[in-house]
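1. what follows is a predicted structure for the sequence shown.
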Amino acid sequence: MVFAHPDDAEFGIAGTVATWTGLGAEVVYVSVTDGSGGSNEVGADREELRSIREAEQREACDVLGVRECVFLGWRDGSVEPTMDLRRAITREARRVRPDVLVSPDPTRMWDEGRGYVNHPDHRAVGIACLAVVNPDAPTRLQFPELLEEGLEPFEIPNLWIPTYEGEADTFVDISDTIDTKIRALRCHRSQVQDRPVDQWLRDRAEERGGSRGIRYAEAFKTFRLKDEETE
C-alpha cells in the first residue's frame, strides 16, 4: 500500500487491509511523506508533528496487522512525481515484490459531490506509482543503482486503485472489519480529534456496497498486468 500521508490508508482502504491480514496476507505500508504539514494550529511545529504522525501511523498498523511501515520522508505538501520519488518507490517494490500494489488514483481531482478538492500529494504519488509499474520496477536498465543494491527487476502482477462505486470493478466486503478500520483511524488522534468520523466512514462504505448488496464495502479499479501462465 503506497500513500501520501499518514492516515490516508485508514481513511481509504483499511477495511480491505484488515480483511487481507485476517486471511494471512502480509501487508506493507509505504508512506511517502512525513505528515509534518497536518496541522493548522498556531505555533504548530513540523519536527514535532513529524514524530507524532509516525507514531500514530505505527499504532494504526498494529491495529490492522500491517507487518511493516516504511516512511520515505518527503516533506508533506511538496510531493512531485520526480525521478527521485519513482526510484524510492521502485526500491520498495523490488524489495517487497508484492502480489498487489495499491496506489492512490492519479486522476482524482475532487470528490463525487465536489465538496473536496484532492490534495496534490495524493495525485503525485499516484502518478509516480504508475511509473513504478511501467517502466521502473520491471526494467533492468531503469535505475541501475538499484541493481548494485541487489534489487533485481520485478514485474508487478496486479494494481489496485481505490475509487468510487460507479467506476469500480472490484468490491471488498468490509462488513466484518469496518470496526477495525474505525479503530485504526482513531489512532490518528492529531488528525481526527473529536470529529464524528465513525459514522462518516460507515456512510461512505455503505454507499460503496449498496448496489452490490453488501452492507459495507471498499471499491477499486483493478489492473491484471501479468497473464496467469506467466505468474
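-> Received the coordinates, thanks. No experiment lies behind these values; they were computed from the predicted model shown. Numbers count the residues shown, from 1 in each chain.

2. please report how far Asp169 lies from Asn158.
-> Going from Asp169 to Asn158 by CB to CB, to the nearest Å gives 12 Å. The way it works is simple: take the backbone N, C-alpha and C, and place the C-beta from them, glycine included.

3. those two - which one has more neighbours?
-> Residue environment comparison for Asp169 versus Asn158 gives the larger neighbour count to Asn158, 16 against 10, counting by other CB atoms under 10 Å.

4. give me the neighbour count for the residue nearest to that one when sequence neighbours are not counted.
-> With CB to CB, 6 or more residues apart in numbering as the measure, Val100 is the residue that lies nearest to Asn158, at 4.5 Å, once sequence neighbours are left out. Burial measure for Val100: 16 neighbouring residues, criterion other CB under 10 Å.

5. ditto for Glu218
-> Close neighbours of Glu218, defined as other CB under 10 Å, add up to 28.

6. can you pull the phi/psi pair for it?
-> Dihedral angles phi and psi of Glu218 (degrees, to the nearest 10) take the values phi -120, psi 140.

7. surely it meets Ser175?
-> No - using CB atoms under 8 Å, Glu218 is not in contact with Ser175, being 10.9 Å away.

8. for this protein, what's the longest helix?
-> Counting residues, the longest helix found in the chain (DSSP state H) is helix 46-64.

9. can you check which residues contact both of Asp169 and Asn158?
-> Between them, Asp169 and Asn158 have Thr222 as joint contacts when contacts are counted by CB atoms under 8 Å, 6 or more residues apart in numbering.

10. one step back: now tell me what touches the next helix or strand after the longest helix of the chain from outside.
-> Counting by DSSP states H and E, the next helix or strand C-terminal to helix 46-64 is strand 68-74. Strand 68-74 is contacted from outside by 28-34, 54, 57-58, 61, 85, 88-89, 92, using CB under 8 Å, 6+ apart.

11. show me just the buried residues among these.
-> When the contacts of strand 68-74 are checked for burial by 16 or more other CB atoms under 10 Å, the buried set is 28-34, 54, 57, 61, 85, 88-89, 92.

12. redo the residues you listed as JSON lines? Include pLDDT, distance to His119 and secondary structure.
-> Rendered in JSON lines, the data for these read as follows (pLDDT from 0 to 100; distance: CB to CB, whole Å; DSSP: H, G, I helix; E, B strand; the rest coil):
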{"residue": "Val28", "pLDDT": "98", "distance to His119": "22", "secondary structure": "strand"}
{"residue": "Tyr29", "pLDDT": "98", "distance to His119": "18", "secondary structure": "strand"}
{"residue": "Val30", "pLDDT": "98", "distance to His119": "17", "secondary structure": "strand"}
{"residue": "Ser31", "pLDDT": "98", "distance to His119": "14", "secondary structure": "strand"}
{"residue": "Val32", "pLDDT": "98", "distance to His119": "12", "secondary structure": "strand"}
{"residue": "Thr33", "pLDDT": "97", "distance to His119": "10", "secondary structure": "strand"}
{"residue": "Asp34", "pLDDT": "94", "distance to His119": "15", "secondary structure": "coil"}
{"residue": "Glu54", "pLDDT": "96", "distance to His119": "19", "secondary structure": "helix"}
{"residue": "Gln57", "pLDDT": "98", "distance to His119": "17", "secondary structure": "helix"}
{"residue": "Cys61", "pLDDT": "98", "distance to His119": "21", "secondary structure": "helix"}
{"residue": "Leu85", "pLDDT": "98", "distance to His119": "15", "secondary structure": "helix"}
{"residue": "Ala88", "pLDDT": "98", "distance to His119": "19", "secondary structure": "helix"}
{"residue": "Ile89", "pLDDT": "98", "distance to His119": "18", "secondary structure": "helix"}
{"residue": "Glu92", "pLDDT": "98", "distance to His119": "21", "secondary structure": "helix"}
